[in-house]
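Engineer: got a predicted structure plus its sequence, pasted below:
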4 protein chains.
Amino acid sequence: MKLRRIETPGIAHYAWLLADGEQAMLVDPSRHVQKYLDTAREMATRITHIVETHRHEDFVMGAAWLARRSGARIYNGNHETFGHGDCRLEDGDTFYVGNLLIRAFHTPGHTPESMCYAVYKDDDAEVAWAIFTGDTLFFGDTGRSDLPDEDSAVENAGCIYDAVHNKLAGLGDTALVLPAHGPGSVCGSGMAERSWSTIGDEKTYNDVFTLSREAFAQKKGGERLPRPPYFRHMEKVNLQGGLPPKLRDGDVGLVNVADFAQGGENQHVYDTRLPEAFAGGHIPDSYSIWLGGLPVFGGWVGDANSPVYLVTDRNDDLDPAVRHLSNIGQDNVRGALAGGFESWRDAGRDVEHSGVITPGVLHNMDNKLQVLDVREIDEFDSGHIPGAVHCYVGYLADKLSELPLDKAKPVVVTCGVGHRAGLGVSILLRAGFQDVSNLLGGMKAWQALDLPVE
Amino acid sequence: MKLRRIETPGIAHYAWLLADGEQAMLVDPSRHVQKYLDTAREMATRITHIVETHRHEDFVMGAAWLARRSGARIYNGNHETFGHGDCRLEDGDTFYVGNLLIRAFHTPGHTPESMCYAVYKDDDAEVAWAIFTGDTLFFGDTGRSDLPDEDSAVENAGCIYDAVHNKLAGLGDTALVLPAHGPGSVCGSGMAERSWSTIGDEKTYNDVFTLSREAFAQKKGGERLPRPPYFRHMEKVNLQGGLPPKLRDGDVGLVNVADFAQGGENQHVYDTRLPEAFAGGHIPDSYSIWLGGLPVFGGWVGDANSPVYLVTDRNDDLDPAVRHLSNIGQDNVRGALAGGFESWRDAGRDVEHSGVITPGVLHNMDNKLQVLDVREIDEFDSGHIPGAVHCYVGYLADKLSELPLDKAKPVVVTCGVGHRAGLGVSILLRAGFQDVSNLLGGMKAWQALDLPVE
Amino acid sequence: MKLRRIETPGIAHYAWLLADGEQAMLVDPSRHVQKYLDTAREMATRITHIVETHRHEDFVMGAAWLARRSGARIYNGNHETFGHGDCRLEDGDTFYVGNLLIRAFHTPGHTPESMCYAVYKDDDAEVAWAIFTGDTLFFGDTGRSDLPDEDSAVENAGCIYDAVHNKLAGLGDTALVLPAHGPGSVCGSGMAERSWSTIGDEKTYNDVFTLSREAFAQKKGGERLPRPPYFRHMEKVNLQGGLPPKLRDGDVGLVNVADFAQGGENQHVYDTRLPEAFAGGHIPDSYSIWLGGLPVFGGWVGDANSPVYLVTDRNDDLDPAVRHLSNIGQDNVRGALAGGFESWRDAGRDVEHSGVITPGVLHNMDNKLQVLDVREIDEFDSGHIPGAVHCYVGYLADKLSELPLDKAKPVVVTCGVGHRAGLGVSILLRAGFQDVSNLLGGMKAWQALDLPVE
Amino acid sequence: MKLRRIETPGIAHYAWLLADGEQAMLVDPSRHVQKYLDTAREMATRITHIVETHRHEDFVMGAAWLARRSGARIYNGNHETFGHGDCRLEDGDTFYVGNLLIRAFHTPGHTPESMCYAVYKDDDAEVAWAIFTGDTLFFGDTGRSDLPDEDSAVENAGCIYDAVHNKLAGLGDTALVLPAHGPGSVCGSGMAERSWSTIGDEKTYNDVFTLSREAFAQKKGGERLPRPPYFRHMEKVNLQGGLPPKLRDGDVGLVNVADFAQGGENQHVYDTRLPEAFAGGHIPDSYSIWLGGLPVFGGWVGDANSPVYLVTDRNDDLDPAVRHLSNIGQDNVRGALAGGFESWRDAGRDVEHSGVITPGVLHNMDNKLQVLDVREIDEFDSGHIPGAVHCYVGYLADKLSELPLDKAKPVVVTCGVGHRAGLGVSILLRAGFQDVSNLLGGMKAWQALDLPVE
């Protein structure tokens, strides 16, 4: 029996390949299924079962496409929000992968249809060897409870608590916890940086075990996490097992300066370089979204229909960038600037640059600068620069006019270390702000210098 | 200006990528176009022109598919056997790739529509820098002249002579010769093992230059080369720019012993291990075709509709094997034996083995064994084991009953070194021969030992 | 915190890289340390601690070399058989890697100096998160107890029992078990095919927990495992932290037929092709050792000073073959046959071939053939072909003259599936046996056909 | 016969591997010989001959190290500046590689010992198939003639002319020209961007053929090319066949912010990010040298003994950066900043930033800013911004005090596109200039906008 974790970077997504001899199950595939097929081949097995824990909101699933390419059957639950599936399982139903016994559990809360799947080494095993927990139980966290309905977040958190305690807790303390996401995912809030965990581990460290039902439900349900607009689209396409990838490596061509983004109003240019490079020079009206941030912040800026053009640091970044956007259903990438920003500047084209400022200098200005903090509200509330205005970067374009900021005066934008602030800077520039700077190192540097927070 | 040769192994096919700045032309693509897109990206250019020298017979072309993936336009000639193309060029027509001037020449002979394309560094260049010669001119050889019509092979060879002398010879002795094939291709007979050549080089070494028109036409037209049956199918699909690949890496699954090739009468099992391994044990009724021989001999054994199962030495050989078959239009590969021949033998399944014999032992038998030589007729005529029966391996299954061989007595099969003989052995075993051996090292070993030939 | 398992194939060795921020510990490195450095770089950390569980017998360690290349310090125990180390730890001693607390345990039994290392997520953790168990505790097995002294094997097994129960059992059922070997290692006998395990898992499945001390000691101490002669050499070089690799990729050159293995008496030719291919033809006097078997059976055939020449299936196998031999301290590889066995046979050189036989045919011969079974004694005793003679393949060359076998009559050699039998065949051929066959599929095929065993 | 070009990026160096069957010659190896061994293995041949055209000045050679690893013999000329070599050849001497005949020619001029080597397909060949021309003849250029002695540059250029005309011109117009460098090398001035060339091609395009001896000698000898200080060191180490690489991949560790470059006065920090990123924020006192510029400009800033610390854009850049420096003999790289500049800024460390300015804005300032042009003198003379001060970037640190620049006032630095200007900016900042900007796109952008030059 062999287990392999296959990560999708950018969305911190874990798919799992569990093989026993000539059969293997693949849990929660993304649409880029080639890597699963390659891994199965390398492990000398064949994917025969595709298992879904729930209808993911944060990426396009690949169950249907993987089924078509591998001939495997799709296993999920019998809740109506699974709109497809070859084997619709009820709570307690079992099936085999090789000699391994798999038992399905209905664990609603994160979503109404959420399922977990316990793995038993054989029919007689008293405890589970591992549990695929989807977004129900993470390392040190659970899935967020606000997605089905923000107003029922507390209630849903209670359901998660019940599912974990009634269905999972008794499966055995030594059972490995195999979730669908790791730290950095938008599906949870505070996952632990840990490589492996067990139910027993979680009993020691996880709020869902260490708090009372009431306290947990209040805390988890009270989180105020942003909900990117592309989630709705994901829920729709995933209802039917997701989509095949539309663009393959190499399909997005290099476009020269003359042809770049010349086609119309609604086109978005995403500049994936780091904030310092963006500050040092960029194409006017482009958005600053660092490479790893594309599958989250690309989903705030654009939608499935937006034509997108890319400015990448290197040609090698192009395919990862396209895959990142593909993961959130943005398949409309039209081209990447051949030669990157360099070819643009060397052609003498209009170039915009923005400011940078260090924490020390900002502190010495004695509140003379407007400061905009674009982190999530919970981050902001846990400590920010005195006098800072807050608006989460995802909402910034829409709410900018309501913020107490003077376009004609200098603004400093900050976030954790400067990545989201980079996007904030670009949104302000697009809105006509004249003098916008990124706080280098963001709140991390600010706090490293022991500067005052409120 | 940058030039890259991109080889398709097995069929000794050369595609060429010639880039000048942001434009590039790709000459004679196979259907596996990803490698061309990757190479263009790596060379920081974009394929804007797809150029065809002729309608290839020996592999499925990828012009139409590459056009769709890259957005490039297809350039070829205006002869009717090019049934497609965005730019149909007449003899002498020119176009630009970046600043490079490309001039088209109609050079019929190998096929009626054959074109060559000369590259000039600029408009004022007096001599060509290079010529894409397709199958018209190879290193030390020309294309075969029997394909359009075997009876006109001498006449066609004269046409090749004329095309080379009237159109290419005067373009400049320093012009690089950039053909569509290297040594090992079934499109020629005696290509030189040389990395690079020029028109001047060819004038020194190539029959088309060193012989008179008459002598060349007789020699070239008199070659008796086999014509694999799949050629007809290729000509048909290539009329419309070829086909996209049907199977991707990973699409062909590993099949366990129980499910392997259980489906019916017309299924072919290709065993791609080397002849010694095949002799040491193999699945009854399987064909022995070594990995590199698939894109030639797969085309003699099967056709586009034959369901194919593979026994490979290693899992890593599976994708290359599938690509080899794909190159000749065999997209019907149903599976590969999981664990290879080992899993078959370890399961206690029926195993057949065959004999091997060394040249010394055979020689000492004093003609007591039947010897079958399966090389091409020209190879056979240039020297063979006294008393050997001849039949080209491609025709063996059909002509076996006509050959003076006694099924009940031992037969030794030979070829150049033993690869084609391996296929011959498997065909004899399928036909019920009882005692069949492969001559280890074939005629190469025989001659290395100075044993008598006739 | 991140954990990565880095496998050394052939010897089923696991090294572990555990990183916490900018520090990382590498447990039990082999001498091929580049892969550890590469992995650390990829994980954005740096190896600062090298930890040894014991002085391994089955491979050359790389602690000293890794220390030199990385600047890390070596941590091990204070027993005298660790002849080196920057930090010699006593039972209970602790150190930190990043914020992780590591506690050392002295767990003698497999070897007198054996250590285990528990990992705690922080100072306050009540249970260990994981334990590096070296060769003390495997998945479903423990290390063998006969190595320090065969006569004390039962007593040593009792020590292992005590160490596991007194030191490890109480660290927490959820603690991950991270051993130095997986299934296939010569350091244990019956490891489970499992990807991950915990102390709790082991309590359910492992003899060391499910048997009484007495029963366990008798069973484990009573195993009759072969002890390859190279173990003594390993113990010696590992006393000082092992050795750097002597040969790098590319250092072993391709040697043409004329120059191959021409230099003298004591040279060994290892033919790494599969048994069928070896049977179909091989160089006289060569040893048949399949690629993956080199790091075990190379150690029975040769020693650190034997000049070795290789015949590999493919050029790509050369570097893995050299690394396999390097892992057991055989650095004296002089060359590989350019073009493999094919070039030998094509040159008309002397070729030897041997026989193959299927279980069905052998069974029908009614004991008329001599059968030699070369498996381990415990395997033989658990069921063999009626009338078979037994001798473990490792002792075969030495004990052949004592076996009741007639050189002039046919012999069938068998093992599990035919790999070790292949080596047995080559040893018999070298000794002058005339007619030697390999039983295709070995006892696995024999039993799959329900043929009689005794 | 097979030919492969193996490029060393950064120094535009071409080594050549020419194989004929089981023998191969490697011309002008760099010290990173693994890639040559790998290529030979892949081409199924073995390096038996190492051939040197001359004692290179611009990179550390690897002949001695390759000889040790491959067992090949070193072939060069018998001039005293080759201080080593197994076969010291006189003008006209020949040797064989497989069946290829190689003839040596003494072609002094670029250096006194320079040799060229013609390749003949067989003994009877009337014309050469190819010529390894070292630094004597490039595509569209010849080697520079000022290296042996600047005052004799015109005279040396005459020698090059004579060597080319007397030794090479007559070898055949179709002979391929296979030089040691391509465009971008510091060993020539104006090499053509061409993939392949022949003697005949060069007769059409190359000054050494199209100009008279006198005119060529004046033009070539009159070039004013900078001579990096590390050339002297190269000449010394290459006298004995160069050096093995001192640092392997992985040897340079990631160093955290606290430990980075803390060790003393003479340490150099090279920041290899692009100029915009450097402008957006960098470590005070660091040098801006883009990755590909390291093997040239690292040789101006540091020497073989300078301790070097690196700030790279990504971890993946570290090994290439170390190899770049290794190529010019700088083996003293102490570490790279873990996490790159980001970890520095996030730690709240002192950060310096500099300015950027677009050509349009600079032009509108009407000469109010000081402009410093750091290109080579010949580039400057061919057209520069009116009023610009000139100093080649390599000499800038030494000559800065002599330049008419006011430290207290803004300075704009420019070069071709901004890379060398980035280094210039960092040198000015180190010298205490207060307000330094990089002209985005440099003279390329300036001229693309048709702004005035003088």
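Structural biologist: Looks like it came in fine.
Engineer: residues contacting A:Gly143?
Structural biologist: For A:Gly143, the contact set (C-beta atoms under 8 Å, 6 or more residues apart in numbering or on different chains) comprises A:Gly109, A:His110, A:Thr111, A:Ser114, A:Gly134, A:Asp135, A:Thr136, A:Leu137, A:Ile160, A:Cys187, A:Gly188. No exception for glycine: its C-beta is placed from N, CA and C like everyone else's.
Engineer: stretch A:317-326 close to chain C?
Structural biologist: No. Figure legend: stretch A:317-326 not in contact with chain C (C-beta under 8 Å from any C-beta of the partner chain); closest approach 15.5 Å.
Engineer: out of the contacts of A:Gly143, list just those in strands.
Structural biologist: Among these, DSSP state E puts A:Gly134, A:Leu137 in strands.
Engineer: how about JSON lines for the contacts of A:Gly143, with pLDDT, distance to chain D and neighbour count added?
Structural biologist: What follows is the contacts of A:Gly143, written out as JSON lines (pLDDT from 0 to 100; distance: C-beta to the nearest C-beta, whole Å; neighbours: other C-beta atoms under 10 Å in any protein chain shown):
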{"residue": "A:Gly109", "pLDDT": "96", "distance to chain D": "35", "neighbour count": "26"}
{"residue": "A:His110", "pLDDT": "96", "distance to chain D": "32", "neighbour count": "30"}
{"residue": "A:Thr111", "pLDDT": "96", "distance to chain D": "35", "neighbour count": "24"}
{"residue": "A:Ser114", "pLDDT": "97", "distance to chain D": "36", "neighbour count": "26"}
{"residue": "A:Gly134", "pLDDT": "97", "distance to chain D": "32", "neighbour count": "27"}
{"residue": "A:Asp135", "pLDDT": "97", "distance to chain D": "29", "neighbour count": "29"}
{"residue": "A:Thr136", "pLDDT": "98", "distance to chain D": "33", "neighbour count": "30"}
{"residue": "A:Leu137", "pLDDT": "97", "distance to chain D": "31", "neighbour count": "31"}
{"residue": "A:Ile160", "pLDDT": "98", "distance to chain D": "34", "neighbour count": "26"}
{"residue": "A:Cys187", "pLDDT": "84", "distance to chain D": "25", "neighbour count": "25"}
{"residue": "A:Gly188", "pLDDT": "81", "distance to chain D": "23", "neighbour count": "26"}
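Engineer: quick check: residues of chain A near chain D?
Structural biologist: A:273-281, A:313, A:341-342, A:345-348, A:350-351, A:353, A:356, A:358-360, A:417-418, A:440-442, A:444-449.
Engineer: which among those residues end up buried?
Structural biologist: A:273-281, A:313, A:341-342, A:345-348, A:351, A:353, A:356, A:358-359, A:417-418, A:440-442, A:444-446, A:448 (16 or more other C-beta atoms under 10 Å in any protein chain shown).
Engineer: so which of the residues you listed sit within helices?
Structural biologist: If you go by DSSP state H, these have A:275-280, A:341-342, A:345-346, A:359, A:442, A:444-446, A:448 in helices.
Engineer: list the contacts of the least confident helix or strand in chain A by mean pLDDT.
Structural biologist: When each helix and strand of chain A is scored by mean pLDDT, DSSP states H and E, strand A:254-255 comes last, with a mean of 86. Strand A:254-255 is contacted by residues A:261, A:309, A:315, A:318, A:334-339, B:22, B:41, B:44-46 when judged by C-beta under 8 Å, 6+ apart.
Engineer: and those residues, which are buried?
Structural biologist: Counted by 16+ other C-beta under 10 Å, the contacts of strand A:254-255 give A:261, A:309, A:315, A:318, A:334-339, B:22, B:41, B:44-46 as buried.
Engineer: which residues of the stretch 301-450 of chain A lie near chain B?
Structural biologist: Going by C-beta under 8 Å from any C-beta, the residues of the stretch 301-450 of chain A near chain B are A:Asn315, A:Leu318, A:Ala338, A:Gly339.
Engineer: greatest separation within those residues: which pair is it?
Structural biologist: For these, the farthest-apart pair by C-beta to C-beta is A:Leu318 and A:Gly339; their separation is 12.0 Å.
Engineer: which residues touch the closest residue to chain B within the stretch 101-250 of chain A?
Structural biologist: Closest to chain B within the stretch 101-250 of chain A is A:Gly250: 3.3 Å, counting by C-beta to the nearest C-beta. Applying C-beta under 8 Å, 6+ apart to A:Gly250 gives the contacts A:Asp319, B:Gln34, B:Leu37, B:Asp38, B:Arg41, B:Arg69.
Engineer: for A:His56, same thing?
Structural biologist: A:Asp28, A:Asp135, A:Ala180, A:Cys187, A:Met234, A:Asn238.
Engineer: how many neighbouring residues does the last one have?
Structural biologist: Around A:Asn238 there are 28 other residues, counting by other C-beta atoms under 10 Å in any protein chain shown.
Engineer: and the third one, by the same measure?
Structural biologist: Burial measure for A:Ala180: 29 neighbouring residues, criterion other C-beta under 10 Å.
Engineer: what does the fifth one give?
Structural biologist: As a burial measure, A:Met234 scores 23 neighbours (other C-beta under 10 Å).
Engineer: distance of it relative to A:Cys415?
Structural biologist: As for A:Met234, its distance to A:Cys415 is 25 Å (criterion: C-beta to C-beta, to the nearest Å).
Engineer: got it, and the third one?
Structural biologist: Taking C-beta to C-beta as the criterion, A:Ala180 is separated from A:Cys415 by 26 Å.
Engineer: domain boundaries for chain A, per the record?
Structural biologist: A:2-238, A:254-346, A:355-448 (automatic domain parsing).
Engineer: does the residue nearest to A:Gly387 when sequence neighbours are not counted count as helix, strand or coil?
Structural biologist: Residue nearest to A:Gly387 in three dimensions, not counting chain neighbours: A:Asn367, with 5.3 Å by C-beta to C-beta, 6 or more residues apart in numbering or on different chains. Recorded secondary structure, A:Asn367: coil (DSSP: H, G, I helix; E, B strand; the rest coil).
Engineer: since we're on A:Asn367, how many residues are nearby?
Structural biologist: Count around A:Asn367 with other C-beta under 10 Å applied: 12.
Engineer: what's the answer for A:Pro404, then?
Structural biologist: What A:Pro404 shows, counting by other C-beta under 10 Å, is a neighbour count of 7.
Engineer: and the pLDDT for it?
Structural biologist: At A:Pro404, the model reports a pLDDT of 97.
Engineer: what about it, distance to A:Val371?
Structural biologist: Applying C-beta to C-beta to A:Pro404 and A:Val371 gives a distance of 11 Å.
Engineer: keep only those of the contacts of strand A:254-255 that are in strands.
Structural biologist: A:Tyr309, A:Arg334, A:Gly335, A:Ala336, A:Leu337.
Engineer: test my guess that the first one contacts A:Leu337.
Structural biologist: Yes. Contact between A:Tyr309 and A:Leu337 holds when scored by C-beta atoms under 8 Å: they sit 7.1 Å apart.
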